[in-house]
Each structure stands twice: as structure tokens, then as C-alpha cells.
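[1] whatever this is, show me its structure:
(2 chains)
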Amino acid sequence: MRSKRKLKNVLVIILLTILCIIFLIPLFLMILTSLKSMPEIMASKFVLFPEKALFSNYIEAMQRGNWLGYFGNSFFVTALTVLISLILNSMAGYGFARIPFRGRNTLFFFALTGMMVPTQVTMIPVFINLKSFPLVGGNDLFGNGGTGMINTYAGLILPYIAGAFGVFLCRQFYMNFPASLDDAAKIDGCSRLTAYFRIYLPLSKPILATLAVLKASQTWNDYMWPLIMINNDEKMTIQVAVISKFVTEVNTQWNLLMAATAMIILPLLILFLFTQKYFVEGIVTTGMKG
Amino acid sequence: MTAIRKKKHSKIGNEPIGYFFIAPFYLFFFFMVLIPIFTGIMQSFTNYDLYQTNDFVGLANYKQLLKDPVFLQAIGNTLFYSLLYIVPTMAIGLLLALLMSKESGGYKIFRTGFYLPYIISMVCASTIWLWIFDPTAGVLNQMLRAVGLPTSDWLKDPNLAMGCVVFVSIWKNLGYCMLIYLSGIKGIPNYLYEAAQIDGASKVKQFWYITVPMLQPTTFFLFITSCISSFNVFEQVNVLTNGGPLNTTTTIVHQIYLRGFTQFKMGYASAMSVVLLIMVCIITLINFKFGNQGTDTDIG
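    A predicted model of the protein is given here:
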């Protein structure tokens, strides 16, 4: 009985290994192709490994346009989005979870409803709002005349930090604290502000780490919003750049495209491998809402 | 009555400092999420073009929508995509999760492996598959040629293009589905299976009478979120096929993007957004109506 079970386990592991390898073939092929020469890729007969690994493809790809700038833009936008989101969301989450005030449930209900509405639905009005933002980018007081926040970092970041799911995540986390904690703080003469900064915030590391990795991957990976908001080379982010610099060419240089793709994936892959616990936790907790 | 209410209030308390905590977030949320939902609906009754005209045109945009063959096709394509995507993703995700839940030791590495495509961006996933599907340089046709099978122009063939788009989406999102199912399976108490074993229930019976009903809330949740994300499919379409060939892969959001941001017909694109909003609302209502049923399942 026992050996039969063991055999079954081994079979499952073998099956999973095979499935997993098949599943990840596209990623292996991406790396291999990024190291090949174009004649090798176009050859009628498929060769798995490049005759000589051309690491120079990576350098060549990064010279197609200002990739240092694109990476810089993506890093900057991602970092700022994460930072601001952490502050706004943990504060709001704490407020909704621990402090009684009039209209709290109604306000939270609106936040929850807003979370259900996908950004794709509101992308046109949000774009128009940002374009006609008063007194920005050559606009007058009524938002006419200029380009507003088009082609600005603010135009990219504002919609990112307005998402409500971080508030939901933090609220769930703060709700789990015992009520006696608040009572004890009150007896000790601790105001809500002090309680938040001295008691709750120091205990929030796991939830803030979860929120940070989720927000970072979301922002780093976003394509639609920068596509709409940015139309100059200077403020372009990587996801848009990889398409506009390589894919829309007449003859796509597949080796360079794969090299650029690998470079874009790499920072997130590193983040993921080091913070996998938080990634998984975040997915599962936000997944298990309702 | 008033006395009671007063007492109740003072008991629950009202601390205005609460507004201070939620205000910074709510300010952004109000202007970037809540208000746009309503302004979007208002704009759908105008002919706003981002520069000059901005007149009220009544239902003209909606009347035009009903006669727009490409948009009607886009709705059909979006629903077709949803159907092709949701069922296989959830079925395979559940199967993988079941395989992994049995294995105790080193399953984490498989979890990471299957989850890997989910963390990369849809753009990167699409560029990789763009190469794989390429008729001359792509590995798929090269393999088919090597074994003497007929090749295809995958993304340019009206019969195949949507299938390819769906395939890429499944590949990328399977790990998410698996992860959610995995945590659902972990939440099923072990004594249910032990009791079933004592009663002599077979493995198949245990699956159908314990695992499936206990996973009902998970399945429902995945169904709802998959529906909403399928209705919003855009990035893979824009990168892989750009809506072609013959509009067989264009979707609602892709149409909104084309009309709004390449032709600047903001009023018309807003009307499309309202259609999308209604579709999402229907799914959300289903969620509110049936969403909590599974959690009441009596496991005692």
C-alpha cells in the first residue's frame, strides 16, 4: 500500500515536471532566440541552440532608441506609484477599519463599487479630465488651450494611485487587530494619529510588502495607459517602447525583440523570486475577497 | 426614539479624525474613478472630438452603434473570446491544482514554474508568441515543416487568429487560476475526506461530492473575475493582431481605443464604454446576488 502510494507520488512529480517544462518552453526559446543571429532565426531548418551566443544583441537592442530613458521612466513611475499608494492606502485602510465616523460604510461601499469598474471603462473620461486639467501644460483656468497632463509623469501616476484595491487589502489587514488594542491605546492617552504611526504602521510590514510588490508589478507591466497618455519619446515607458521600436518595423528583428523582452522581464523576475511569499499572499488574499 | 438614537451614536462614536485618514486617498479616487464613471456617461450623448465640437446629440451615438457592423462584430468577438478562454483556463487550472495538492514536498517549484508567465507583462507574453506564430521565422511553423505537416499563417488566418489570441491568454493566466484553486483546495478540511474514506467512497466520488462542492465559492469567484477581465481584453489583441484579419479579433476595448485615441471620436467611444460598463454591471450584479451562497455551505 505504502510503496504503491510512493510510486503514485513519483508519477505525479514526473508528470508535473514534464508539464512545467512544456509550459515554460516559450520563455526558454525567448532567451535562446535573443542570442541568435537573424540568418540563424530565418533559416528554414530550426536550430535550438545558437552556434555562437551573441550577447551583443542585447547591447544592439538597447541602442534602438533611448532605452536608458525608457527604463528610467518606468522605474520612476513605478517607484513613485508604489510609494504614494502605500501611504494613501494604508492610511485609508486604517481609517475604514478602526475609526468610527459618520458615513463610513457608505464611503466604503462607493470605494468597493469603484473597484469593480475596470479602468478600461473610464479611460476616455479620465484621459479628457487629465488633458483639460486647469493651469497645467498650457491650460487656462477652465482647462482649455493646452495639453494638460498629456506627456507628463503626473498624468501616468494619478490614475494608478486612485485604485481602491490597496485600501481594501489594508482594511482587511487592520480589521484583524483586536479591539482591545485601541482601548489600551486610548487609556494610555494615545490619539488616533499616534496610534496609527506608533502601533499600527510598525506592525504593517507584511501587508505593505504585499501591496508594494503587487502595485509594482501592475505599474511596471501596464501598457494601455502609457500608450494613451504618452506620445513622445522622452516620457515613453518600456512596455510601449518595446512595441514601437521593434514590432511596428517592417522587418522585425526577432533576436533584438526577444532581447528587449528579456530585459523588461528581468527586473520583475528578480523581484518575484525574492518576494514570492508576498506575491502569492497578495494574489490569494485579494483573490479570496467577497 | 431620539434618545435611543443619540445613545447609539455616542456608543458607536463619531471621530472626525477618520475623514483625515481617508481623505488623501478619497480625493484621488473621487476624481479619477467615481466622477469619470458619470462624466463618461454624459460624454456618450455628445459629439466631443477633443478639439472643437462638443454638442449634445442625444442618442445619436447609440443609434450609430447599433448600425456599426465592426462594433457589433467586436461584441461578438469579445463574447466568443470569453467563452473560449474561461472554460479551458478554469478546467486546466483546477486539474493542475489537484495534481499539486496531492504532492507534499517539492511542489513549490512547480507552483513557481506555472505561475511565472503570470508575472510577466501581457506585452512581453505577446511579443514572445508573436515570434512563435510568425509564418517564416516562427518556431511553430519551423517545427511543423520539419515533421512535414502543413503550416499556417497563424495570426493572419481569419479562422485561426482568435484561437491564437485566446491561447496566449490561457498560457499567461493559467498560473493565477491554479494558485487560487490551490488555496481553495487547502481550505477544505481533511476530515471530510477521512470520513468519506471510512464510508468507502471512491476517489472519483470524493472529487465530485467533496472537492467540487467545497470549491464552489472559488469557482464562482474565478468565473466572475475571468468574465470581467475577458470583457476588457485589449493588450494581446493590439500587439498580436491589431484586430485583424478582417476584424475577426477586434474587441470592445480595442474599438474604444481605435475610435477614441486614433480617430478622436470621444463621444462615440464613450457610448462604447457605456456598453462595456453595462456588461460589467450585469456580471457584478450576478456576483452580488449569488456571490455569498457558497460560503453558507454546511460542512458540519
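
[2] can you tell me the SS state at the most centrally placed residue in chain B?
    Most central in chain B under CA atoms, centre = their mean is B:S229, positioned 1.7 Å from the mean C-alpha point. The three-state label given to B:S229 by DSSP: H, G, I helix; E, B strand; the rest coil is helix.

[3] OK, contacts around it?
    A:P118, B:N173 (CB atoms under 8 Å, 6 or more residues apart in numbering or on different chains). Any C-beta I mention is one placed from the backbone N, CA and C, and that applies to glycine too.

[4] what pLDDT does it get?
    Per-residue pLDDT puts B:S229 at 92.

[5] quick one, phi/psi of B:F56?
    Backbone dihedrals for B:F56, given as degrees, to the nearest 10, come out at phi -70, psi 130.

[6] quick check: it touching B:F45?
    Yes: assessed by CB atoms under 8 Å, B:F56 is found in contact with B:F45 at 5.9 Å.

[7] these two: who's more crowded?
    Using other CB atoms under 10 Å in any protein chain shown as the criterion, B:F56 and B:F45 rank with B:F45 on top: 19 against 10.

[8] show me what contacts the more buried one?
    So B:F45 contacts B:F56, B:V57, B:G58, B:L59, B:N61, B:G267 (CB under 8 Å, 6+ apart).

[9] from B:I256, how far off is A:T119?
    12 Å (CB to CB, to the nearest Å).

[10] who's more crowded, these two?
    Neighbour totals were compared for A:T119 and B:I256, and B:I256 leads with 26 against 18 (other CB under 10 Å).

[11] against which helices or strands is the helix or strand harbouring the more buried one packed?
    When elements are assigned from DSSP states H and E, B:I256 belongs to helix B:252-257. Packing contacts for helix B:252-257, counted by 3 or more CB pairs under 8 Å, 6 or more residues apart in numbering or on different chains; DSSP states H and E, involve helix A:119-131, helix B:69-102, helix B:235-240, helix B:266-290.

[12] okay, it in PDB with CA atoms only?
    C-alpha atoms of helix B:252-257 as PDB (Å, rounded to 0.1, in the frame of the first residue of the first chain):
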ATOM      1  CA  ILE B 252     -14.800  46.200 -27.500                       C
ATOM      2  CA  VAL B 253     -11.900  47.800 -25.700                       C
ATOM      3  CA  HIS B 254      -9.900  47.700 -28.900                       C
ATOM      4  CA  GLN B 255     -12.700  49.500 -30.700                       C
ATOM      5  CA  ILE B 256     -12.900  52.100 -27.900                       C
ATOM      6  CA  TYR B 257      -9.100  52.600 -28.300                       C
END
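
[13] for that helix, what is the average pLDDT?
    96.

[14] then stretch A:174-185?
    Mean pLDDT, stretch A:174-185: 88.

[15] buried set for that stretch?
    A:Y174, A:D182, A:A185 (16 or more other CB atoms under 10 Å in any protein chain shown).

[16] what does that stretch contact?
    Applying CB under 8 Å, 6+ apart, the contact partners of stretch A:174-185 are A:G93, A:Y94, A:A97, A:R98, A:T194, A:A195, A:I199, A:Y200, A:L203, A:S204.

[17] list the contacts for the fourth one?
    Spelled out, that is A:R98. For A:R98, the contacting residues are A:Y174, A:F177, A:D182, A:R192, A:Y200, by CB under 8 Å, 6+ apart.

[18] among the residues you listed, which pair sits farthest apart?
    A:F177 and A:R192 (13.5 Å; CB to CB).

[19] sec struct for the closest residue to B:I86 other than its chain neighbours, please.
    Distance criterion CB to CB, 6 or more residues apart in numbering or on different chains; nearest residue to B:I86, sequence neighbours excluded, is B:S226 at 4.6 Å. Three-state call for B:S226 (three-state DSSP): helix.

[20] B:S226 and B:V275, how far apart?
    Distance, B:S226 to B:V275, using CB to CB: 20 Å.

[21] neighbour count: those two, which is higher?
    A side-by-side neighbour count of B:S226 and B:V275, using other CB under 10 Å, places B:S226 first with 22 against 19.

[22] tell me the contacts of that one?
    B:S82, B:Y85, B:I86, B:T89, B:M90, B:C177.

[23] can you lay out those as TSV showing pLDDT and neighbour count?
    Formatted as TSV, those follow (pLDDT from 0 to 100; neighbours: other CB atoms under 10 Å in any protein chain shown):
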residue	pLDDT	neighbour count
B:S82	96	20
B:Y85	96	21
B:I86	96	20
B:T89	96	23
B:M90	95	20
B:C177	93	27
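
[24] out of those residues, which comes closest to chain A?
    Within the contacts of B:S226, the smallest distance to chain A is 9.8 Å, found for B:C177 (CB to the nearest CB).

[25] perfect, that will be all.
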